[in-house]
Structures are given as C-alpha cells and as structure tokens.
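> need a structure here:
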Amino acid sequence: MKLHDALKKWRDTPSYKKQNDIHWLVWLIENPKSPISLTGAVDLFNHDIIHVLLDRGMLNRDEAMVIGFTMGNSETTSSWIRWLFEFCARHLYPQYYRFNEDDLIEFERGFAYGYTRSERNIHLEKFDTSQSVEVFRKKYGIELINI
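Predicted coordinates:
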C-alpha cells in the first residue's frame, strides 16, 4: 500500500487528533517548532506516518510506543532527556494524555526498538508518500512481528 493511502486511511478514523486538538503542554514537549521540544521531536505529519509504519492506533499505549520509537531512534537522545519525557508524560501531562505504568512500558519497548535500528533519525526523514509503506519499514528495519 502506498504511504499516502495508508496515512489517509489512518487519519480517517474517528479518534484521530487534529493539530488544534493537541494540548499546549504536549505541543511544547513534542513539537519540533517549540522552543523547548525534546530530542526526537517530530511534526504531526511525520508522527502520523510513524504510527502507520509501526501499525499503531491512537490509544495512549500506541502514542507511547510511537514516541518511544522516535526518541530512541534519534541519535541525540540522552538518558536524562528520556527521563525528563517520562516524568512529563507521567506527572505533568493533562489527564487525557498522561501515561500510566503500562504506557511507560510501551514507551520503553518503543525506545529500545527505535534505538536498535541501524537506520537512525526517523524524525528527520523526508517521507515520499508515493512510496509504499514497506519501503520505509524496510529502510528502518521495522518488522511488525518484533513490536
């Protein structure tokens, strides 16, 4: 399936969050345009693509996996940045976005999986959406059976 088709299908789900639906604190931490965004921050377009590549939905545990993968895959994420994000997601994020213990486990799984991929910095990828989903999964070594 072409990436643009998969992305459209994913965004057509009723639980999809549009940019203006995202809480300002989440935007500050996770959006690369924010002056205080953390390493691995990715714009919403690429974030949605990473959801598609990892075949994850929109529950908090899915968000945790996607964010973990993206941060872990960034060459510049340090252990204290990882800790800071986990602290914010667990204690500072608004209730609807807040990660519980199970979500943090998914974040850790995603982080480890992203960290161990040989191709790094997916957050900087310029995705050609006319390519197939499989092209990018292969490039980043994403095998759904391992997630």
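> Ile50 and Ile122 touch, don't they?
Yes - checked against C-beta atoms under 8 Å, the pair Ile50 and Ile122 is within contact range at 6.3 Å. Quick note: C-beta positions are derived from backbone N, CA and C, even for glycine.
> show me where this structure has helices.
Secondary structure of the chain, counting by DSSP state H: helices at 3-11, 24-30, 44-54, 60-73, 79-87, 101-115, 133-139.
> quick one, which of those helices is packed in tightest?
Greatest average neighbour count among those goes to helix 60-73 (a mean of 25), per mean count of other C-beta atoms under 10 Å.
> That helix to helix 79-87, inter-axis angle?
Between helix 60-73 and helix 79-87, the angle comes out at 170 degrees (axes from the mean of the first three to the mean of the last three C-alpha atoms, to 10 degrees).
> ok, and what's touching helix 60-73?
With contact meaning C-beta atoms under 8 Å, 6 or more residues apart in numbering, helix 60-73 is reached by 30, 38-40, 42, 47, 50-51, 54, 56, 77, 81-82, 85, 89, 97-100, 102-104, 106-117, 120-123, 140, 147.
> And stretch 20-32, by the same measure?
When contacts are defined by C-beta under 8 Å, 6+ apart, stretch 20-32 is touched by residues 34, 36-38, 41-44, 47, 67, 85, 88, 92-94, 96-97, 123.
> Make a ChimeraX selection of the buried ones in those.
Command for ChimeraX that selects the buried part of those, burial taken from 16 or more other C-beta atoms under 10 Å:
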select :38,41,42,47,67,85,88,93,97,123
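> Any idea how many residues pack against Asn100?
Counted with other C-beta atoms under 10 Å, the neighbours of Asn100 add up to 13.
> and the closest residue to it other than its chain neighbours, how far is that from Val42?
Leaving aside its chain neighbours, Asn100 sits nearest to Asn60 (7.4 Å; criterion: C-beta to C-beta, 6 or more residues apart in numbering). Separation of Asn60 from Val42 (C-beta to C-beta, to the nearest Å) stands at 18 Å.
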